[in-house]
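> When you get a sec, could you give me coordinates for this:
(2 chains)
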Amino acid sequence: MEKKKSKFLSNRGFMLFAFLALLIVVISICAPIVCGGVSPVTGELSEAIKAPCAGHPCGTDKMGRDIFARVIYGSRTSLLSTFSLVLTIFVVGTFLGILAGYFGGVVDAVIMRIADMMIAFPGLVLAIAVAGLLGASTKNAIIAIAIVSWPKYARLARSLVMKIRHTDFVAAAMVTGSKTPYMLWKYMLPNTITTLVITAATDIGSMMMELAALSFLGFGAQPPTPEWGSMLNEGRNFIQSAPWMMIYPGLAIFITVVIFNMLGDNLRDILDPKTE
Amino acid sequence: MNKKQLVSRLLQMLIVLIGISFLTFLLTYLSPGDPVRNMYTSAGIMPTEELVQATRREMGLNDPFITQYFRWVGNCLRGDFGKSYSLNKPVVQLLSARLWPTLKLTLMSMILMLAVSVPLGVLSAVYRNKPIDYLVRGITFFGVSIPNFWVGLMLILFFCVKLRLLPVVSSGGTFKDLILPAVTLAIAMSAKYTRQVRTAVLEELSSDYVVGARARGVKESKILWGNVFPNSLLPLITMLGLSIGSLLGGTSVVEVIFSYPGLGNLAVNAITSADYFLVQGYVLWVSVIYMFVNLLVDISYNYVDPRMRLRR
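Residues are numbered from 1 along each chain as shown, chains lettered A, B, ... in the order given. Down below sits the predicted model:
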């Protein structure tokens, strides 16, 4: 454990991006302070569509709302929904994958055929259909992407479990009377968790972009909630008169995704000895 | 892949297809909107309660779920995917009209992607850990972190609004209309694909036969293009197949941005107007196309890798 800790601390890239990621989280939590009390949902119509100036560092939108405040508050929706999405697919995928790999037979066949079905399907197509038909909301967008994303984790967990399923130490544990839940928890899970955590960490960025894409199409967060994807959608109609309406939310997505991707890559380098 | 494998593969596809059709139907069945009311309101009629009930009976919407499902599947197999009520045309006609523009867009962006990512990926692998490799890796890193719909919007801002070189709305489907949507799609994909080309070539470069060939004094360019590149094609074709899949779904966002008259744009409109038959038809069509693309990819292994032909 001691050795692992020093590995994290001595990796400068990891520490830098961990700090930046933390900074984004802190900013989103302290949004009211960062914005100096400017509300993201109410605005003066007389202030509508103002270019960036001293009072509004990123300009205002068609309803006179401050873009800077909306971008900062928008990080709450984006981060919260992305984290819940990644956590959901991580837990569901790992759980089903371990079950499939451990029990084999019918359980394996049923779970993996369902997974195949989801994989045999262009992801965003189903996600759009699910999100649209369930009704547009952040929760439904998360469900939609979760439905098409868990098989990746299930397949990975299953293959990792299959690798150790028939080794001597597992057989020994079973012979000495370990109960099934104990086997799953103490033997199967620890052997899969590292790889799956790496996958989850590297997925945060792309999941954030998929959620933003759904919101952009109007199937995610609903107005007046500030969300980066839906802000881009609102800004789209003002591309000629007010380009700042779509420049800043997009930048916010880009910067956040870069930081989380970098964090994921560095985490992989630390935890996975196979990559150089 | 021999005949036996092909048959079992087709059977698997059939099972997946049944699953997908069931799922699609279940989704539209469970969704909260009422298709009958939607149909009338989109036609500009405020229906009375009796009219709604009568239409429901007429369309068989009061039948049990399974009956409705099998009737729908039966109709689909006969090529009747129902009638879109928001556009008042048969679904088949609407989808087939939009199929070609989307395929054109997909093909165009694939060509762009290959033209960019294969040379860059090979270059980056050959000059590993040299400045050019770092440059390529840096660019691709940013490439995978930019949301493609934002890239699209920025391209519109730059080329259409500031420079006025290209049309903002690409609804005509001409070559000029195709450029920006295709570039938008290609940017994000090239970034991903360049990395994969690099990894595949690097892996091949580190194998023993390369060392052997070098020791025998075979020219480096001959090793690269004569041995290494053909050998790294296999994983690349697999990834190409997968990216066609992500393209088919991914085009919808870009099609909406550019108002491009493709399948994805049609589907998004269909969903917003709760046009269930159209949504069902779209999901089925796209998944069938995707499955056949993947089948073709698997069959192509036979030609790329002779080992596959020998294996039983």
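> Verify the contact between residue A:197 and residue A:271 for me.
Yes. Using C-beta atoms under 8 Å, residue A:197 is in contact with residue A:271, at 7.3 Å. C-beta: built from backbone N, CA, C; applies to glycine.
> Contact distance from chain A - what residues of the stretch 201-312 of chain B qualify?
Applying C-beta under 8 Å from any C-beta of the partner chain, we find that the stretch 201-312 of chain B lies next to chain A at B:245-246, B:248-250, B:252-253, B:256-257, B:267-268, B:271-272, B:276, B:279, B:282-283, B:286-287, B:290-291, B:294.
> Strands of chain B, residue ranges please.
Using DSSP state E, the strands of chain B run over residues B:83-84, B:89-90.
> export those strands to TSV and tack on distance to chain A?
Below are the strands of chain B laid out as TSV (distance: least, C-beta to the nearest C-beta, whole Å):
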stretch	distance to chain A
strand B:83-84	15
strand B:89-90	20
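> how about the helices of chain A, start to end?
A:2-10, A:12-29, A:31-34, A:67-103, A:105-119, A:123-134, A:138-165, A:168-175, A:180-183, A:189-216, A:228-236, A:244-271 (DSSP state H).
> Can you give me the buried ones in the second one?
If you call a residue buried by 16 or more other C-beta atoms under 10 Å in any protein chain shown, then helix A:12-29 has these buried ones: A:14, A:17, A:18, A:20, A:21, A:24, A:27, A:28.
> Quick one: work out the angle between it and helix A:244-271.
Using axes from the mean of the first three to the mean of the last three C-alpha atoms, to 10 degrees, the inter-axis angle of helix A:12-29 relative to helix A:244-271 is 140 degrees.
> pretty sure residue A:187 is touching residue A:171, no?
No. The criterion here is C-beta under 8 Å, and residue A:187 misses it with residue A:171 at 10.8 Å.
> Tell me, how many residues neighbour residue 7?
No chain specified, so I'll use chain A. Neighbourhood size, residue A:7 [other C-beta atoms under 10 Å in any protein chain shown]: 13.
> hmm, I had chain B in mind actually
With other C-beta under 10 Å as criterion, residue B:7 counts 10.
> what separates it from chain A, distance-wise?
In this view, residue B:7 and chain A are 17 Å apart by C-beta to the nearest C-beta, to the nearest Å.
> Same question for residue B:99.
Remark: distance between residue B:99 and chain A (C-beta to the nearest C-beta) = 14 Å.
> if you skip the residues just before and after it, what's nearest to that residue?
Spatially, and ignoring its direct neighbours in sequence, residue B:99 is nearest to residue B:263 (6.3 Å; C-beta to C-beta, 6 or more residues apart in numbering or on different chains).
> The one you found touches residue B:95, doesn't it?
Yes. With contact defined as C-beta under 8 Å, residue B:263 reaches residue B:95; the gap is 6.8 Å.
> which residues are in contact with both of those two?
B:282, B:285 (C-beta atoms under 8 Å, 6 or more residues apart in numbering or on different chains).
> which residues sit in contact with residue A:41?
So residue A:41 contacts A:65, A:224, A:225, A:226 (C-beta under 8 Å, 6+ apart).
> Which one of the residues you listed is nearest to residue A:145?
Closest approach between these and residue A:145, by C-beta to C-beta: residue A:225, at 17.9 Å.
> and the gap between the nearest residue to that closest one once chain neighbours are set aside and residue B:191?
Distance criterion C-beta to C-beta, 6+ apart; nearest residue to residue A:225, sequence neighbours excluded, is residue A:77 at 6.1 Å. Residue A:77 sits 26 Å away from residue B:191, going by C-beta to C-beta, to the nearest Å.
> Is it correct that residue B:61 is in contact with residue B:37?
No. Using C-beta under 8 Å, residue B:61 is not in contact with residue B:37; the gap is 11.3 Å.
> buried set for stretch A:82-89?
Within stretch A:82-89, the residues that count as buried by 16+ other C-beta under 10 Å are A:82, A:85, A:86, A:88, A:89.
> one step back: restricted to buried residues, select the contacts of residue A:41 in ChimeraX.
Of the contacts of residue A:41, the buried ones can be selected in ChimeraX as follows, counting by 16+ other C-beta under 10 Å:
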select /A:65,225,226
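> Now for the contacts of residue A:41: which two are most distant?
A:65 and A:225 (11.9 Å).
> low-confidence ranges in the stretch 51-200 of chain A?
Within the stretch 51-200 of chain A, the stretches with pLDDT under 70 are A:120-122.
> can you list the residues of it near chain B?
A:113-114, A:116-117, A:120-130, A:132-135.
> pLDDT of stretch B:128-148, averaged?
Average pLDDT, stretch B:128-148: 90.
> could I have it exported to CSV, CA atoms only?
Taking Å, rounded to 0.1, in the frame of the first residue of the first chain, the C-alpha atoms of stretch B:128-148 are listed here in CSV:
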residue,chain,number,x,y,z
ARG,B,128,8.5,6.9,-32.2
ASN,B,129,9.4,9.3,-29.4
LYS,B,130,10.8,11.8,-31.9
PRO,B,131,9.4,15.4,-32.2
ILE,B,132,7.0,14.4,-35.0
ASP,B,133,5.6,11.6,-32.8
TYR,B,134,5.0,14.0,-29.9
LEU,B,135,3.3,16.4,-32.3
VAL,B,136,1.0,13.8,-33.7
ARG,B,137,0.1,12.4,-30.3
GLY,B,138,-0.5,15.9,-29.0
ILE,B,139,-2.9,16.8,-31.8
THR,B,140,-4.7,13.5,-31.6
PHE,B,141,-5.1,13.9,-27.9
PHE,B,142,-6.9,17.2,-28.4
GLY,B,143,-8.8,15.7,-31.3
VAL,B,144,-10.4,13.1,-29.1
SER,B,145,-11.3,15.6,-26.4
ILE,B,146,-13.2,18.0,-28.6
PRO,B,147,-17.0,17.4,-28.9
ASN,B,148,-17.7,17.0,-32.6
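> Need the residues that contact it.
Contacts of stretch B:128-148 (C-beta under 8 Å, 6+ apart): A:205-206, A:209, A:212-213, A:250, A:253-254, A:257-258, A:261-262, B:120-121, B:123-125, B:127, B:184-185, B:187-188, B:190-192, B:194-195, B:198, B:202, B:250, B:253-254.
> If we use 7 Å, what do you get?
With contact meaning C-beta atoms under 7 Å, 6 or more residues apart in numbering or on different chains, stretch B:128-148 is reached by A:205, A:209, A:212-213, A:250, A:253-254, A:257-258, A:261, B:120, B:123-124, B:127, B:184-185, B:187-188, B:190-192, B:194-195, B:202, B:253-254.
> now stretch A:171-190
In contact with stretch A:171-190 (C-beta under 7 Å, 6+ apart) are residues A:98, A:102, A:161, A:170.
> For residue B:150, which non-adjacent residue is closest in space?
residue A:250 (3.7 Å).
> before we move on, what about residue B:251?
residue B:264 (4.7 Å).
> what number of residues lie near that neighbour?
Neighbour count of residue B:264, defined by other C-beta under 10 Å: 28.
> Could you do the one 5 residues further on as well?
One way to gauge burial is a neighbour count; for residue B:269, by other C-beta under 10 Å, it gives 15.
> Make sure residue A:208 is actually in contact with residue A:258.
No. Residue A:208 is not in contact with residue A:258 according to C-beta atoms under 7 Å; the separation is 10.8 Å.
> Give me the more crowded residue out of these two.
residue A:208 (26 against 18).
> follow-up on the earlier one: show me which of the contacts of residue A:41 is closest to residue B:213.
The closest of the contacts of residue A:41, once distances to residue B:213 are taken by C-beta to C-beta, is residue A:226, at 58.9 Å.
> Next, that closest one: phi, psi?
phi -70, psi 120 (degrees, to the nearest 10).
> quick one, helices of the stretch 101-250 of chain B?
Shown for the stretch 101-250 of chain B, the helices assigned by DSSP state H, counting those that start in this stretch span residues B:131-145, B:148-155, B:175-205, B:208-215, B:220-222, B:229-257.
> This completes my enquiry, with thanks.
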